[in-house]
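J.: Predicted model and sequence below, questions to follow.
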There are 2 protein chains.
Amino acid sequence: MGRTSDAKAKILTAAQSLLEQRGYSALGVAEICKAAGVPKGSFYYFFESKETLALAVIDAHWAAERRDWERILHGDGDPLLRLRRLLEATEERQRAGQGSYGAVLGCMFGNLSLEMSNQADAIRLRLQEIFESEVDMVDAVINEAQERGELTLTDTREAARSVVAQLEGQVLFAKLYNNPAQLRSLWQSCLALLGAGDRHALAA
Amino acid sequence: MGRTSDAKAKILTAAQSLLEQRGYSALGVAEICKAAGVPKGSFYYFFESKETLALAVIDAHWAAERRDWERILHGDGDPLLRLRRLLEATEERQRAGQGSYGAVLGCMFGNLSLEMSNQADAIRLRLQEIFESEVDMVDAVINEAQERGELTLTDTREAARSVVAQLEGQVLFAKLYNNPAQLRSLWQSCLALLGAGDRHALAA
């Protein structure tokens, strides 16, 4: 039993790394097993298909990212400072990925959304749920700032959606140019989207 | 000669459609030839590899999109009105794609950037050039508005980059949710990024 659960963890780790570097379509079960160092039989013992595995990888990746987001957004400091830290953490994460893999890997959820949202419905629905959660989390912190009179938005959820869209768009550039510094202006863009560009410009 | 140049056009048309629907990795030369109705020998007569073909598709797609962008951005009306028309045309294009293919296909350049920027250097460099051109074109119209005193940006190119990033991020959502209406708020987000949210809000 020790060996088999070890095999499952090895498959998940190898699949996450390959999925981040190469995407979904370019990935084969044989290759995942080779990288994980487990026989192909083990794969089908734990996972029905490549799609089932991808869902497990997405869930594990989101569980970890959600913990990071919650730690930052529920941490100390004023709400807009916490939001700023979240965006800065995005740049740091891309920088760390570049250090490990030699290339900015981008956002796994954004990558998969563009690669395959026309194809696998189960994965598409899971990605929709993740992005809804992200918008909810940003919306909550924006609402805190609004209640403190620091923002005067008419639709905080729409603003939160535009912040997450900006994050995804700029992460796309960071990946394309293989340069995490593309994310340096993310906080300024975020302030502008929140209609707080002038007031908070000096503090940024 | 008539037959062979016809075959090349058929391959390009089939490849564009398959690339937009399925991405690059999921695509095989045999499948492209089948969809185009040409023998595999014809493929290698015109294209050295799948990558060479992809570059030709990207160039053709960009030539057409650039013409659209130029027509709109160099058209009649005030600069900010032309910029607004450009963003509205993005929603219309996604709606038309959904009508033809049953799914919002997103932006071919954004899709390929996220799918494969870690992989094929020639394609990555071409995509970088295209996004630079897009930012340049948006920058030019923003500068026009700035010269008329309608905007007071300190860095127009940075603002133009954030507008293109917002467009890519919201197109990602439109594709993921298979819903072009996700792009409805693109113009409001753009105004906010240009620091013109309040002044132009009623006109929008």
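T.: Now that the structure is in, tell me what you want to look at.
J.: can you give me the strands for chain A?
T.: Using DSSP state E, no strands are found in chain A.
J.: distance of A:Gly28 from chain B?
T.: A:Gly28 is 11 Å from chain B, where distance means Cβ to the nearest Cβ, to the nearest Å. For glycine as for every other residue, the C-beta is placed from the backbone atoms N, C-alpha and C.
J.: Spatially, what comes nearest to A:Ser17 if we skip its sequence neighbours?
T.: Leaving out its chain neighbours, the residue that sits closest to A:Ser17 by Cβ to Cβ, 6 or more residues apart in numbering or on different chains is A:Ala35, at 7.3 Å.
J.: Check chain A and tell me which residue is nearest its centre.
T.: For chain A, the residue nearest the mean C-alpha position is A:Cys107 (4.6 Å; Cα atoms, centre = their mean).
J.: Domain map for chain A?
T.: Chain A breaks down into these domains under automatic domain parsing: A:1-47, A:52-200.
J.: In chain A, what helix or strand scores lowest on average pLDDT?
T.: helix A:197-200 (a mean of 58; mean pLDDT, DSSP states H and E).
J.: Skipping its backbone neighbours, what lies nearest A:Arg161 in space?
T.: Excluding its sequence neighbours, the residue lying closest to A:Arg161 (Cβ to Cβ, 6+ apart) is A:Val135, at 5.1 Å.
J.: What of A:Leu53?
T.: That would be A:Phe47: by Cβ to Cβ, 6+ apart, it lies 4.3 Å from A:Leu53.
J.: thought the residue nearest to A:Arg161 was touching A:Arg157?
T.: Yes: applying Cβ atoms under 8 Å as the test, A:Val135 and A:Arg157 come out as touching, 6.7 Å apart.
J.: sorry, back to before: in contact with the residue nearest to A:Ser17, which residues?
T.: By Cβ atoms under 8 Å, 6 or more residues apart in numbering or on different chains, the residues touching A:Ala35 are A:14, A:17-18.
J.: For the closest residue in space to A:Leu151 that isn't next to it in sequence, give me the pLDDT.
T.: Sequence neighbours aside, A:Ala145 is the residue nearest to A:Leu151 in space, at 4.9 Å (criterion: Cβ to Cβ, 6+ apart). Listed pLDDT for A:Ala145 reads 95.
J.: Give me the neighbour count for A:Ala145.
T.: 20 (other Cβ atoms under 10 Å in any protein chain shown).
J.: can you check the one 5 residues further on too?
T.: By the other Cβ under 10 Å criterion, the neighbourhood of A:Glu150 contains 16 residues.
J.: ok, A:Leu193 to B:Ser185 distance?
T.: From A:Leu193 over to B:Ser185 the distance is 11 Å, taken as Cβ to Cβ, to the nearest Å.
J.: Who are the packing partners of the biggest helix by length in chain A?
T.: For chain A, the longest helix by residue count, based on DSSP state H, is helix A:121-147. Other elements packing on helix A:121-147 under the criterion 3 or more Cβ pairs under 8 Å, 6 or more residues apart in numbering or on different chains; DSSP states H and E are helix A:50-73, helix A:79-101, helix A:108-116, helix A:156-176, helix B:156-176.
J.: weakest of those by average pLDDT?
T.: Comparing mean pLDDT across the helices and strands packed on helix A:121-147, the weakest is helix A:108-116, with a mean of 86.
J.: Tell me the one among the contacts of A:Ala35 nearest to chain B.
T.: Ranking the contacts of A:Ala35 by separation from chain B, with Cβ to the nearest Cβ as the measure, puts A:Leu18 on top at 11.2 Å.
J.: tell me the mean pLDDT for stretch A:6-17?
T.: 93.
J.: thought the residue nearest to the centre of chain A was touching A:Val171?
T.: Yes: using Cβ under 8 Å, A:Cys107 is in contact with A:Val171, at 4.9 Å.
J.: coming back round to it: dump the helices and strands packed on helix A:121-147 to TSV, plus mean neighbour count and distance to B:Ala64.
T.: Below are the helices and strands packed on helix A:121-147 laid out as TSV (neighbours: other Cβ atoms under 10 Å in any protein chain shown; distance: least, Cβ to Cβ, whole Å):
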stretch	mean neighbour count	distance to B:Ala64
helix A:50-73	16	33
helix A:79-101	17	32
helix A:108-116	25	20
helix A:156-176	25	21
helix B:156-176	25	17
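J.: Show me which parts of the longest helix of chain A are buried, residue by residue.
T.: Neighbour-count burial for helix A:121-147, with 16 or more other Cβ atoms under 10 Å in any protein chain shown as criterion, is recorded at A:123-124, A:126-128, A:130-131, A:134-135, A:137-139, A:141-146.
J.: Centre of the chain to that helix, how far?
T.: Centroid separation for helix A:121-147 versus its chain: 12 Å, with Cα atoms, centre = their mean, to the nearest Å.
J.: any idea of the angle that helix forms with helix A:50-73?
T.: Counting by axes from the mean of the first three to the mean of the last three Cα atoms, to 10 degrees, helix A:121-147 lies at 10 degrees to helix A:50-73.
J.: A:Gly77: how many residues sit nearby?
T.: By other Cβ under 10 Å, the residues close to A:Gly77 number 11.
J.: quick one: contacts for it?
T.: Listed by Cβ under 8 Å, 6+ apart, the contact set of A:Gly77 reads A:Arg85.
J.: mind checking how far it is from A:Leu86?
T.: Distance from A:Gly77 to A:Leu86, by Cβ to Cβ: 11 Å.
J.: gap between the closest residue to A:Gln16 other than its chain neighbours and chain B?
T.: Nearest non-adjacent residue to A:Gln16, counting by Cβ to Cβ, 6+ apart: A:Val57, 5.0 Å away. The spacing between A:Val57 and chain B, counted by Cβ to the nearest Cβ, is 16 Å.
J.: Contacts only, for A:Cys107.
T.: Applying Cβ under 8 Å, 6+ apart to A:Cys107 gives the contacts A:167-168, A:171.
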